[in-house]
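A.B. asks: Take a look and give me a structure for this.
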Amino acid sequence: MTIQICVVGLGKIAQDQHLPVAAKNADFNLAAVVSSRGSYGNVKTFKTFSELVASGIKLDAVTLCMPPKPRFDIAHRAIDAGFHLLLERPPTSTIGELEALLAHAAAHKRIVFTAWHSQHNAAVDEAKHLLAGLTVRRLHVSWKEDVRYWHPGQEWIWEPGGFGVFDPGINAFSIISKIMPVPILVADALLMIPSNKATPIAASIRFKSPIGIDADLTAELDWQQTGEPSWDIDVETNEGTTLQLSNGGTQLRVNGEVTLAGSSSQEYEGIYAHFAELLKSGKSDVDSTPLQLVSDCFMLGRRVDADPFV
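C.D. replies: As a prediction, this is how the structure comes out:
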């Protein structure tokens, strides 16, 4: 049976990835979109989520792509309306919201899928496989890009609940939480916050592994890099294996040699293929670790004033 789905929020990631991928996946029929800013081809469009629900249109699931701050309320209402959920990352603004949402979904027998797109790469899967059973002695994340290019005019990212530089940085956290052979925790963080904004423009993080494991685990996030972005993760192990995931996790180097190279479109194809499997099996798939790592950075981070962002 074809799954009737609606995409809510037609921002850049929805336009570039969710809409075209959902439209071409044979398991789904893109039945509607919700957007106050425009329509998508001949797909039925509603200006608000309330209009969508009131219409009585037949839907099985919704993909929520709006900013994280209003997402909890809409997700809660979607469950009440009988819809399953695919949540663009980050799934909610807080861990508390995510836990409450999962409890509500379970009570109503609705499926929830937290779609961390960077985890859906063959290169990330292979890195996880290669690191299994090894001891990581060094991990460094370099996640740097130009906020003016990637988030032009988007003020919500600078407001409380907008994540700041952790909006892209959470992609890196989703990768390392998947590939590390042991759990990774935040030890401390330095958060550089523009004096006229509420969220960081850059951050330096030091992680730790469980007690008894000595390792150098760090991350540098920066929204001030112009030109090409740097989305790289370097790993060294005690056993001599070195890995580098680059281009946001789509390319893998093992001991200096490129072994896999994919594209970001494959991530979203993987997301919708997996969501279809979850809907058929009646199971949810929720990973809260990346959001927890961001939350811990804000909890443990020392805040330093940076120059105003203009």
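A.B. asks: What about the closest residue to residue 189 other than its chain neighbours, how many residues nearby?
C.D. replies: Spatial nearest neighbour of residue 189, chain neighbours left out: residue 301 (3.7 Å); criterion: CB to CB, 6 or more residues apart in numbering. The way it works is simple: take the backbone N, C-alpha and C, and place the C-beta from them, glycine included. Residues within reach of residue 301, counting by other CB atoms under 10 Å, total 19.
A.B. asks: Relative to residue 124, how far out is residue 301?
C.D. replies: Per CB to CB, to the nearest Å, residue 301 is found 26 Å from residue 124.
A.B. asks: now residue 244
C.D. replies: 12 Å.
A.B. asks: now stretch 111-118, how far from the chain's geometric center?
C.D. replies: How far stretch 111-118 lies from its chain's middle: 8 Å, per CA atoms, centre = their mean, to the nearest Å.
A.B. asks: quick one: contacts for residue 47?
C.D. replies: Counting by CB atoms under 8 Å, 6 or more residues apart in numbering, residue 47 touches 34, 35, 36.
A.B. asks: Between the two ends of stretch 130-140, how far is it?
C.D. replies: End-to-end distance for stretch 130-140: 17 Å, by CA to CA, to the nearest Å.
A.B. asks: now stretch 194-203
C.D. replies: Across stretch 194-203, the terminal residues are separated by 12 Å (CA to CA).
A.B. asks: mind starting the numbering at 547 from now?
C.D. replies: Fine by me, first position is 547 from now on; the one you just mentioned is stretch 740-749.
A.B. asks: Contacts for it, please.
C.D. replies: Contacts for stretch 740-749 (CB under 8 Å, 6+ apart): 693, 703-706, 708-712, 715, 735-739, 765-770, 843, 847, 851-856.
A.B. asks: Sort out which of those are buried, if you could.
C.D. replies: Buried members of the contacts of stretch 740-749, scored by 16 or more other CB atoms under 10 Å, are 693, 703-704, 708-712, 715, 735, 737-739, 765, 767-770, 843, 847, 852.
A.B. asks: Okay, and which of those residues map to strands?
C.D. replies: Under the assignment DSSP state E, those contribute 735, 737, 738, 739, 765, 767, 768, 847, 852 to strands.
A.B. asks: Does the third one touch residue 852 like I think?
C.D. replies: Yes. Counting by CB atoms under 8 Å, a contact exists between residue 738 and residue 852, whose distance comes to 4.3 Å.
A.B. asks: List the residues that contact the residue nearest the centre of the chain.
C.D. replies: Nearest to the mean C-alpha position of the chain, by CA atoms, centre = their mean, lies residue 635 at 3.3 Å. Applying CB under 8 Å, 6+ apart to residue 635 gives the contacts 660, 661, 662, 663, 716, 717, 720, 836.
A.B. asks: Looking at those, which one is closest to residue 575?
C.D. replies: Nearest to residue 575 among the contacts of residue 635 is residue 661, at 18.8 Å by CB to CB.
A.B. asks: Might you report the residue contacts of the residue nearest to the closest one when sequence neighbours are not counted?
C.D. replies: If the residues on either side of it in the chain are set aside, residue 661 comes closest to residue 817, at 4.7 Å by CB to CB, 6+ apart. Counting by CB under 8 Å, 6+ apart, residue 817 makes contact with 567, 632, 659, 661, 663, 666.
A.B. asks: how about the closest residue to the last one other than its chain neighbours, secondary structure?
C.D. replies: What it means is residue 666. Spatial nearest neighbour of residue 666, chain neighbours left out: residue 816 (3.4 Å); criterion: CB to CB, 6+ apart. Secondary structure assignment for residue 816 (DSSP: H, G, I helix; E, B strand; the rest coil): helix.
A.B. asks: Give me the neighbour count for residue 816.
C.D. replies: 19.
A.B. asks: Show me the shaky parts of the stretch 547-696 of the chain.
C.D. replies: Low-confidence segments of the stretch 547-696 of the chain (pLDDT under 70): none present.
A.B. asks: For it, which segments count as helices?
C.D. replies: For the stretch 547-696 of the chain, helices defined by DSSP state H, counting those that start in this stretch occupy the ranges 558-559, 565-570, 595-601, 617-626, 641-653, 668-677, 693-696.
A.B. asks: out of the ones you listed, which comes closest to residue 755?
C.D. replies: Of all the helices of the stretch 547-696 of the chain, helix 668-677 comes closest under CB to CB, at 12.6 Å.
A.B. asks: Report the buried residues of that closest one.
C.D. replies: Buried, per 16+ other CB under 10 Å, within helix 668-677: 668, 669, 670, 671, 672, 673, 676, 677.
A.B. asks: quick one on the thing from earlier: and the contacts of residue 817, which is closest to residue 800?
C.D. replies: For the contacts of residue 817, the nearest to residue 800 is residue 666 (20.0 Å; CB to CB).
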